[in-house]
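# Sequence first, predicted coordinates after that:
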Amino acid sequence: MTAAEPTPAPADLAATAPVAQPVVRAAELRDVPAVVALVESAYRGDSSRAGWTTEADLLEGQRTDEAAVTELLTRPDSVVLLVERDGAPIACCHVERRGGAAYFGMFSVSPAIQGGGLGRLLLARAEEWARTAWGATAMEMTVIEQRAELIAWYERRGFARTGEFEPFPYGDLRFGVPLRTDLRFAKLAKSLV
């Protein structure tokens, strides 16, 4: 090899493909099964324990189902944002217009990739959607009060507790089977102005 010839790349570096950037888009009806699977994997059962957002110690059963996600997709002033990488769903959230505010919920990141900044990206995109599509001046959400680490994550992103609470829907199996009798939702809000 002469000085003019390029040095060949090591085999391990040459075989490494760049990681595709995530794509955020509005989910469609064809995405319903993938959204349900993603949400279930992030919140319920043993697969959810691979991430830090699991509710498996608080609730059993389903987190959502195809009928509920279909309803969110067909409701006016409602969108499910879906994040894909190489065509595979890796995160999602629901954003809904409620007067001058927007509600944020069903926030799910695949447990295998939690902690890498994807959640921050999706939350920012949801806030941007609410501001630009609906002129929302605030984002609101409810979080199970016992999820202190999750509430702290939202607080680091500008949300604050409002001091308001909502009861957990005990007896409604669409939301899961509670493993505790003291569950309730804390309301959080953030200005988008």
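Yep, that arrived.
# Excluding chain neighbours, give the residue nearest to Ser41 in space.
Closest residue to Ser41 in three dimensions, ignoring its sequence neighbours and counting by Cβ to Cβ, 6 or more residues apart in numbering: Ser47, at 4.8 Å. Every C-beta, even on glycine, is put in place using the N, C-alpha and C of the backbone.
# Repeat that for Gly45.
For Gly45, ignoring the flanking residues on the chain, the nearest one in space by Cβ to Cβ, 6+ apart is Ala56 at 6.3 Å.
# ok, and the closest non-adjacent residue to Phe168?
Ranked by Cβ to Cβ, 6+ apart and with sequence neighbours excluded, the top spatial neighbour of Phe168 is Leu183, at 3.9 Å.
# Need the pLDDT of that neighbour.
Per-residue pLDDT puts Leu183 at 97.
# Helix or strand next in line after the strand or helix carrying Arg97, which one?
Here Arg97, judged by DSSP states H and E, is contained in strand 88-98. Reading on from strand 88-98 to the C-terminus, the next helix or strand found by DSSP H and E is strand 101-109.
# So which elements touch that next one?
With contacts defined as 3 or more Cβ pairs under 8 Å, 6 or more residues apart in numbering; DSSP states H and E, the packing partners of strand 101-109 are helix 32-43, strand 88-98, helix 118-134, strand 138-144.
# and the residue nearest to Gly45, how many residues sit next to it?
15 (other Cβ atoms under 10 Å).
# Which pLDDT value belongs to it?
You'll see Ala56 listed with a pLDDT of 88.
# Over to it. Which of the three states is it?
Using DSSP: H, G, I helix; E, B strand; the rest coil, the three-state assignment for Ala56 comes out as coil.
# Enumerate every residue touching it.
With contacts taken as Cβ atoms under 8 Å, 6 or more residues apart in numbering, Ala56 has the following neighbours: Tyr43, Arg44, Gly45, Asp46, Ser48, Arg49.
# so how many other residues sit close to Gly100?
Counted with other Cβ under 10 Å, the neighbours of Gly100 add up to 11.
# which residues does it contact?
Taking Cβ under 8 Å, 6+ apart as the definition of contact, the neighbours of Gly100 are Gly135, Ala136, Thr137, Ala138.
# can you rerun that using 7 Å?
Ala136, Thr137 (Cβ atoms under 7 Å, 6 or more residues apart in numbering).
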